[in-house]
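**Student:** make a model of this:
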Amino acid sequence: MGVRFIIVVAFFAALYGWLGFHFYNIQIRQGDFYAARAASQMLGRSLEPIRGDIMMIDRDGLPIPLAITKNHPFIYASPEQMAREGVDISQAATQLEPVVGMSVADIMQRINNPRDPFVKLVRSASDDIVSQIKELNIPGIYIGERTKRYYPYGALASHILGFVSNNVGQYGVEAYFNEKLSGVAGEISGTTFTAPERGQDIQLTINPIIQSRAEKILASTITKFNAKGGVVIVSEPRTGAIKAMAGNPSFDPNNFGSAKMSRFINPAVQKIYEPGSVFKLITMAAALSSGSVTPDTTYVDYGTLIRNGRVIRNWNHRAHGELTMREVIERSINTGTVFAVERMGRRVFLEYIEKFGFTTETGIDLPGEVVGSIRSLINGRDINFATASYGQGISVTPIRMLTAINAIANNGVMMRPRIMVGEPEVLGRPISAEVAKTMTDIMVSSVQRNILADIRGYSVAGKTGTASVPDLVRGGYKDAYINTYVGFAPAHNPRFSILIRIDEPEGNPLAGESVVPAFRDLAEFILLHYGIAPDKIES
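**Tutor:** Numbers count the residues shown, from 1 in each chain. Below is the predicted model of the structure:
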């Protein structure tokens, strides 16, 4: 009897000893591991890193968040717990119906499984829904939290930002810098738990005040002229830094699922168009740089030209007689730029088109950049080179067009456009500082002659462009136009440059009537915002 008793006691002592060691092993030695695994199973998020923030910089250098990762409450049920608590699921479903936005039948179908430990009811709950769920206090109905990308300013700069879907950046800087923003996921290997590493924050060159104002002016102009869309870009010619970039129509990255996919494409970088008369600046800069003409070289404008059986007319269908090259730009004369191209020759013209970068990407730090086309000039006829001289029959992206104009503004040096804060990068020097100054003087006199873009107290350099829209179905051109304006100020010490464009405005107004007033409004705002002193003495 004594031996048996000792054996039984020893057996249970060993058993409890083993259980005690097992509990010690789980709770103490491997506690961190099991706690991490439990949290991972419950929230599904503990191994995922927090995505880095995207910031823009105001004029004082202070960072302002454009995209952050935020905890969002969600509502879920534990049918298993509800069954254990004896909850009447029919009554619970009736109480939940007005709160979670589902029918009683749908709720019943989700929670009518007593073996199910987890059923999501509301993916992203508002504060009001959370408050109502707390008031109902139904056993087995819980409030959880998950991380979600959040854009505090809604649609502001949406084409720059893109959005995040399934933890992967889509479009914009969310896609371009996805690896940097994503961070490194945590790991569980055996008894080892490696915590996730937070993604890096990135700072954009975008100025929030200028971005907001640019978007409002663009939207207002599009509405006023019932246009199909538009683009605006503001940059610093000396550094290539983009201070604002917007396309319209846009989208809200917080609700990207409700937008058409076509709205995600950034029209400033990912769409091409025929630039029209703004390209005359490139043509004339090339002719001056090659020594083919001077600002005072003259020719006689008869109003029309015929090349390869095709008639070329001036935009106003008028003849102007003897004109200088300076006047060709001031009055935007088509036949004058044809004269300039034929003076320098096809080969030289093509060389300068390449020097200004129109056959390559700008290298801007945004995804999906496309390159315009000059295919019509490869083994092209006289008519192809003639129309290209004033920006028809060739295509560009808005960012490439502004980058080329910035070379004129920046003493002939072309900078890589950039969205991310960093060191400026030179792309090349297509023209000399002397030619750049001459072209700037011509652009200033063009503004003064046409008045509309003139700003009291400031010298402004600019040029309009009104281009026909190609008919991609039947060939030729539609009875519709694209209006563009490019310019910079103060002209001889530019702090900023602007390209603004609207597509197919109703009634086909000239650029001087539509985008030039919009340019002036935005330029005046930026001059005031930066506190730039006037550089011109008024008479």
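
**Student:** is it true that residue 482 lies in a strand?
**Tutor:** Yes. Under DSSP: H, G, I helix; E, B strand; the rest coil, residue 482 sits within a strand.

**Student:** three-state assignment of the nearest residue to it once chain neighbours are set aside?
**Tutor:** Distance criterion C-beta to C-beta, 6 or more residues apart in numbering; nearest residue to residue 482, sequence neighbours excluded, is residue 467 at 4.9 Å. In short, each C-beta sits where N, CA and C put it, glycine included. Classification of residue 467 using three-state DSSP returns strand.

**Student:** what is the burial count for residue 467?
**Tutor:** Neighbour count for residue 467, taken as other C-beta atoms under 10 Å: 23.

**Student:** who touches it in this structure?
**Tutor:** 273-277, 391-392, 481-482, 484 (C-beta atoms under 8 Å, 6 or more residues apart in numbering).

**Student:** what pLDDT is listed against the most centrally placed residue in the chain?
**Tutor:** Nearest to the geometric centre of the chain sits residue 160, at 2.0 Å (C-alpha atoms, centre = their mean). Confidence at residue 160, expressed as pLDDT, is 97.

**Student:** also residue 325?
**Tutor:** Value listed for residue 325 in the pLDDT field: 96.

**Student:** could you check how far it is from residue 238?
**Tutor:** 27 Å (C-beta to C-beta, to the nearest Å).

**Student:** what of residue 53?
**Tutor:** 28 Å.

**Student:** could you do residue 314 as well?
**Tutor:** Distance from residue 314 to residue 238, by C-beta to C-beta: 35 Å.

**Student:** next one: residue 420
**Tutor:** Distance from residue 420 to residue 238, by C-beta to C-beta: 17 Å.

**Student:** swap in residue 228?
**Tutor:** Going from residue 228 to residue 238 by C-beta to C-beta gives 34 Å.

**Student:** so where's the protein uncertain?
**Tutor:** 1-46, 190-191, 538-539 (pLDDT under 70).

**Student:** can you identify each of the strands in the stretch 201-350 of the chain by residue range?
**Tutor:** Assigned by DSSP state E, counting those that start in this stretch, the strands in the stretch 201-350 of the chain fall at 202-204, 229-235, 242-248, 298-301, 304-307, 310-313, 321-324.

**Student:** ok, the contacts of residue 467 vs residue 257, which is closest?
**Tutor:** When the contacts of residue 467 are ranked by distance to residue 257 (C-beta to C-beta), residue 273 comes first, at 28.8 Å.

**Student:** who does that closest one bridge with?
**Tutor:** Counting by DSSP bridges, residue 273 forms beta bridges with residue 396.

**Student:** how about the contacts made by it?
**Tutor:** Contacts of residue 273 (C-beta under 8 Å, 6+ apart): 395-398, 467, 482, 501, 503.

**Student:** for these, pick the one with the most neighbours.
**Tutor:** Going by other C-beta under 10 Å, residue 501 tops the contacts of residue 273 with 32 neighbours.

**Student:** picking up where we left off before, elements contacting the helix or strand where the residue nearest to the centre of the chain lies?
**Tutor:** Following DSSP states H and E, the helix or strand that holds residue 160 is helix 158-161. Packing contacts for helix 158-161, counted by 3 or more C-beta pairs under 8 Å, 6 or more residues apart in numbering; DSSP states H and E, involve helix 172-176, strand 242-248.

**Student:** can you lay out these as a markdown table showing mean neighbour count and distance to residue 89?
**Tutor:** Converted to a markdown table, the helices and strands packed on helix 158-161 look like this (neighbours: other C-beta atoms under 10 Å; distance: least, C-beta to C-beta, whole Å):
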| stretch | mean neighbour count | distance to residue 89 |
| --- | --- | --- |
| helix 172-176 | 23 | 41 |
| strand 242-248 | 27 | 49 |
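
**Student:** let me have those in JSON lines, extended by distance to residue 516.
**Tutor:** What follows is these, written out as JSON lines (distance: least, C-beta to C-beta, whole Å):
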{"stretch": "helix 172-176", "distance to residue 516": "29"}
{"stretch": "strand 242-248", "distance to residue 516": "18"}
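
**Student:** who are the packing partners of the strand or helix carrying residue 98?
**Tutor:** Residue 98 is part of helix 89-100 when elements are defined by DSSP H and E. Under the contact definition 3+ C-beta pairs under 8 Å, 6+ apart, helix 89-100 sits against helix 79-85, helix 104-111, strand 119-122, helix 127-136.

**Student:** and the gap between the closest residue to residue 363 other than its chain neighbours and residue 202?
**Tutor:** Nearest residue to residue 363 in three dimensions, chain neighbours excluded: residue 416, at 5.0 Å (C-beta to C-beta, 6+ apart). Distance of residue 416 to residue 202, computed by C-beta to C-beta: 17 Å.

**Student:** one more: residue 282?
**Tutor:** 33 Å.

**Student:** repeat that for residue 117.
**Tutor:** Counting by C-beta to C-beta, the gap from residue 117 to residue 202 is 39 Å.

**Student:** how many residues are close by the nearest residue to residue 195 once chain neighbours are set aside?
**Tutor:** Of all residues not flanking residue 195 in the chain, residue 186 sits nearest, at 5.2 Å (C-beta to C-beta, 6+ apart). Residue 186 has 16 neighbouring residues, counting by other C-beta under 10 Å.

**Student:** repeat that for residue 469.
**Tutor:** Neighbours around residue 469, by other C-beta under 10 Å: 16.

**Student:** swap in the one 10 residues further on?
**Tutor:** By the other C-beta under 10 Å criterion, the neighbourhood of residue 479 contains 9 residues.

**Student:** surely it forms part of a strand?
**Tutor:** Yes. With three-state DSSP as the criterion, residue 479 is part of a strand.

**Student:** residues contacting the closest residue to it other than its chain neighbours?
**Tutor:** Closest residue in space to residue 479, ignoring its immediate chain neighbours: residue 508 at 7.4 Å, by C-beta to C-beta, 6+ apart. Contact partners of residue 508, counting by C-beta under 8 Å, 6+ apart, are 479-481.

**Student:** of these, closest to residue 143?
**Tutor:** Looking across the contacts of residue 508 and measuring by C-beta to C-beta, the closest to residue 143 is residue 480, at 53.6 Å.
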